[in-house]
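1. below is the structure, and that's it, no one-letter string:
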């Protein structure tokens with residue numbers, strides 16, 4: 001699959017679309033999911049253009065998993081969670097909805113996560129949660 005520079009995550013990386021940042025460095029960006037499946041649902045993406053993990057360079061993949069670990073630890077601590085669910089989908093048939101590789105970090109269990117409609121996506125609420133996570137970094 002060819003990378004689409006107009007996908008929502010590509011636009012977030014260029015600043016064309018805002019996000020609530022949790023962490024950023026020269027290779028990685030972590031931000032709050034605007035359709036959270038649990039309070040504290042955070043996304044981590046590489047700045048390298050890649051649709052799936054199969055398209056990502058080895059160096060970017062190694063860096064990405066290190067940053068997923070860093071942010072997951074902060075989500076766990078900041079949200080006072082007993083556990084963390086990590087997941088990453090590759091390709092539309094697997095359920096990937098944005099064609100840019102990304103990891104989901106959810107406090108607690110995905111199996112007990114709430115439906116989109118029952119978790120607040122209010123920007124103020126997401127900002128307050130991001131503050132808790134950033135404080136735990």
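-> Everything's here; your move. Here the structure is a predicted model, which means the values were calculated and not measured.
2. what about residue 23, how many neighbours?
-> Around residue 23 there are 18 other residues, counting by other C-beta atoms under 10 Å. Heads up, the C-betas are built off the backbone N, CA and C, glycines and all.
3. that one and residue 72 touch, don't they?
-> No. Assessed by C-beta atoms under 8 Å, residue 23 is found out of contact with residue 72, at 10.9 Å.
4. center of the protein - which residue?
-> residue 43 (0.5 Å; C-alpha atoms, centre = their mean).
5. and that one, what does it touch?
-> Neighbour list for residue 43: 30-33, 102-105 [criterion: C-beta atoms under 8 Å, 6 or more residues apart in numbering].
6. ok, now residue 121?
-> Residue 121 touches 34-36, counting by C-beta under 8 Å, 6+ apart.
7. which helix in this structure runs the most residues?
-> helix 58-78 (DSSP state H).
8. now the contacts of residue 121: which count as buried?
-> Buried subset of the contacts of residue 121 (neighbour count, 16 or more other C-beta atoms under 10 Å): residue 36.
9. okay if I get the contacts of residue 121 as JSON lines plus secondary structure?
-> Output for these, formatted as JSON lines (DSSP: H, G, I helix; E, B strand; the rest coil):
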{"residue": "34", "secondary structure": "coil"}
{"residue": "35", "secondary structure": "coil"}
{"residue": "36", "secondary structure": "coil"}
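10. rebuild the contacts of residue 121 as JSON lines, extending it with distance to residue 94 and pLDDT.
-> Output for the contacts of residue 121, formatted as JSON lines (distance: C-beta to C-beta, whole Å; pLDDT from 0 to 100):
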{"residue": "34", "distance to residue 94": "21", "pLDDT": "94"}
{"residue": "35", "distance to residue 94": "18", "pLDDT": "91"}
{"residue": "36", "distance to residue 94": "20", "pLDDT": "92"}
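11. reformat the contacts of residue 121 as CSV; add distance to residue 134.
-> Output for the contacts of residue 121, formatted as CSV (distance: C-beta to C-beta, whole Å):
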residue, distance to residue 134
34, 17
35, 21
36, 16
